[in-house]
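Colleague: Generate coordinates for the sequence data below:
(2 chains)
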Amino acid sequence: QSALTQPPSASGSPGQSVTISCTGTSSDVGGYDFVSWYQQHPGKAPKLMIYEVSKRPSGVSDRFSGSKSGNTASLTVSGLQAEDEADYYCSSYAGSNSLTFGGGTKLTVL
Amino acid sequence: QVHLVQSGSELKKPGASVKVSCKASGYTFTNYAMNWVRQAPGQGLEWMGWINTNTRNPTYAQGFTGRLVFSLDTSVSTAYLQISSLKAEDTAVYYCVRGMLGYYYKGLEVWGQGTTVTVSS
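Modeller: Residues are numbered from 1 along each chain as shown, chains lettered A, B, ... in the order given. Down below sits the predicted model:
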C-alpha cells in the first residue's frame, strides 16, 4: 500500500485542463515542500516533471504546474495533448531520511 | 550529456543473488546522490533507498534492510545494487536515479533505462 494516495485514473479532452491530486499526511506532503511529480510512458523510465512542489526542470513544458495545500499536492496539466497520456506519480520526502511515492494515476486523453 | 546506463536483464532462481550496475557519465559522479527505485510488473514506483556518493553512506528504505547492498566504484563512476536471497516478489524493473544538486529528495532528476530482474524457478 502506497503512503501517498492518488486517484487511479483521470481524463480530459485535448485542450482541456486536468488536475491530479496526491494526498498524504502532515508527516510527508504537509510537512515538507519536497513534493515531486513524474511522468511515465509505457515501457519507459519515469521523467521528472515538477520538483519542490511547483518548480519545473529545464525542458519541461509550462503546461505542467504543481501546487500544494495542506496535506494534498496537485499536478495540473493544461492544454491537454495526446502525448500527455501517461502514468503520473507523486513523491514526497517523508522525514527520517526517506522518500515515498503515490500509487500512480493513469491519465487518458479522450 | 548526462546519462545513466544500467546492466542488462537478469534471470535468477529463488534464493540467489543479483548485482545491477549503473554507469554514470556527463557529470561529476560524487557531486550527486544516487537513488534506487523499483517497479514490479503492472505496479507503481517504490523507493528502495539512496547512497551518498561522497561518503559512501547508504540508506535503505524500511522493508528492504538486510537484503540490499548499495555500493560504488567512483573510479569508474558506477553504482551497484546487490540483492540477496531473491524471492519471486523481487521480480521487477530496477532503476538507478540521480538526485538533484543538493538534497537527494529535491527530485529524482536523471533515470537509468532500468534493469529487469526476473526471479523464477
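
Colleague: rest of the way, CA atoms for contacts and neighbours
Modeller: Noted.

Colleague: so where do the strands sit in the chain?
Modeller: The chain I'm using is chain A. A:9-12, A:18-23, A:35-40, A:47-50, A:64-69, A:72-77, A:86-93, A:99-101, A:105-109 (DSSP state E).

Colleague: Chain B is the one I meant
Modeller: B:3-6, B:10-12, B:18-25, B:34-39, B:45-51, B:58-60, B:68-73, B:78-83, B:92-99, B:108-111, B:115-119.

Colleague: Out of the strands of chain A, which gets nearest to B:Trp50?
Modeller: When the strands of chain A are compared by Cα to Cα, strand A:99-101 sits nearest B:Trp50, at 9.6 Å.

Colleague: ok, residues contacting the closest one?
Modeller: A:2-4, A:89-94, B:45-47, B:49, B:105 (Cα atoms under 8 Å, 6 or more residues apart in numbering or on different chains).

Colleague: What sits closest to A:Thr25 if chain neighbours are left out?
Modeller: Closest residue to A:Thr25 apart from its sequence neighbours, by Cα to Cα, 6 or more residues apart in numbering or on different chains: A:Asn71 at 5.2 Å.

Colleague: now the contacts of strand A:99-101 in TSV, with pLDDT?
Modeller: Below are these laid out as TSV (pLDDT from 0 to 100):
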residue	pLDDT
A:Ser2	62
A:Ala3	85
A:Leu4	97
A:Tyr89	98
A:Cys90	98
A:Ser91	98
A:Ser92	97
A:Tyr93	96
A:Ala94	94
B:Leu45	97
B:Glu46	97
B:Trp47	96
B:Gly49	96
B:Tyr105	91
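
Colleague: Filter these down to just the buried residues.
Modeller: A:3-4, A:89-94, B:45-47, B:49, B:105 (16 or more other Cα atoms under 10 Å in any protein chain shown).

Colleague: Does A:Tyr51 touch A:Tyr32 like I think?
Modeller: No - using Cα atoms under 8 Å, A:Tyr51 is not in contact with A:Tyr32; the gap is 11.9 Å.
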